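A.B. asks: quick one: sequence plus predicted model below, questions after.
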Amino acid sequence: MDQNTQKKVLLVEDDDALASVYQMRLEAEGFSVQRVPNGEEALAAAVSFRPDIILLDIMMPKVSGFDVLDILRNTPETANTKIIMLTALSQEADKEKAKEYGVDDYLVKSQVVISDVVQRVKDILGV
């Protein structure tokens, strides 16, 4: 991918170690990545950074991923931004809630490896 077509990923993850692994891998795959540690910063970054896709954790301090998803879907500038929830929550009820809020995909951290996540990002963005 050259600079002009470089897709932007907003990584919303409060676990520093996990976030850095994902960021390095996505950047190695040619994505431009901005990482924020909480939901409040995610909302600001979604508007300023204009990501093509957001990887969104649910369990975060301050504002939960569900609230972030709900707000993004109800904000004109971000209503159509692709969003993948990447979470430790594997309950069917959580998955259903995310779908109701309009998530594009829902991945459970314990059930996927990083290459799966990168592949889903590529699939959703068509790259």
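C.D. replies: Arrived safely, thanks for sending.
A.B. asks: what about the residue nearest the centre of the chain, which SS state?
C.D. replies: The chain has L55 as the residue nearest its centroid, 1.1 Å off, counting by CA atoms, centre = their mean. Of the three states, L55 takes strand according to DSSP: H, G, I helix; E, B strand; the rest coil.
A.B. asks: what does P51 give?
C.D. replies: P51 - assigned by three-state DSSP - is coil.
A.B. asks: how close does it get to V117?
C.D. replies: With distances taken as CB to CB, to the nearest Å, P51 is found 15 Å from V117. (C-beta placed from N, C-alpha, C; glycine too.)
A.B. asks: which parts of this structure are strands?
C.D. replies: Under the criterion DSSP state E, strands of the chain are mapped to 8-12, 32-36, 53-56, 82-87, 105-108.
A.B. asks: deepest-packed of these, please.
C.D. replies: Per residue and on average, the most neighbours among the strands of the chain fall to strand 53-56, with a mean of 26 (mean count of other CB atoms under 10 Å).
A.B. asks: okay, and the beta partners of the residue nearest to the centre of the chain?
C.D. replies: L11, I84 (DSSP bridges).
A.B. asks: pretty sure it contacts V118?
C.D. replies: No: using CB atoms under 8 Å, L55 is not in contact with V118, being 10.1 Å away.
A.B. asks: please name the residues that touch the residue nearest to the centre of the chain.
C.D. replies: Counting by CB atoms under 8 Å, 6 or more residues apart in numbering, L55 touches V9, L10, L11, V12, E13, Y22, I84, L86, V117, V121.
A.B. asks: where in this structure is pLDDT low?
C.D. replies: 1-4 (pLDDT under 70).
A.B. asks: just the helices in it please.
C.D. replies: 16-28, 39-48, 65-73, 92-100, 114-125 (DSSP state H).
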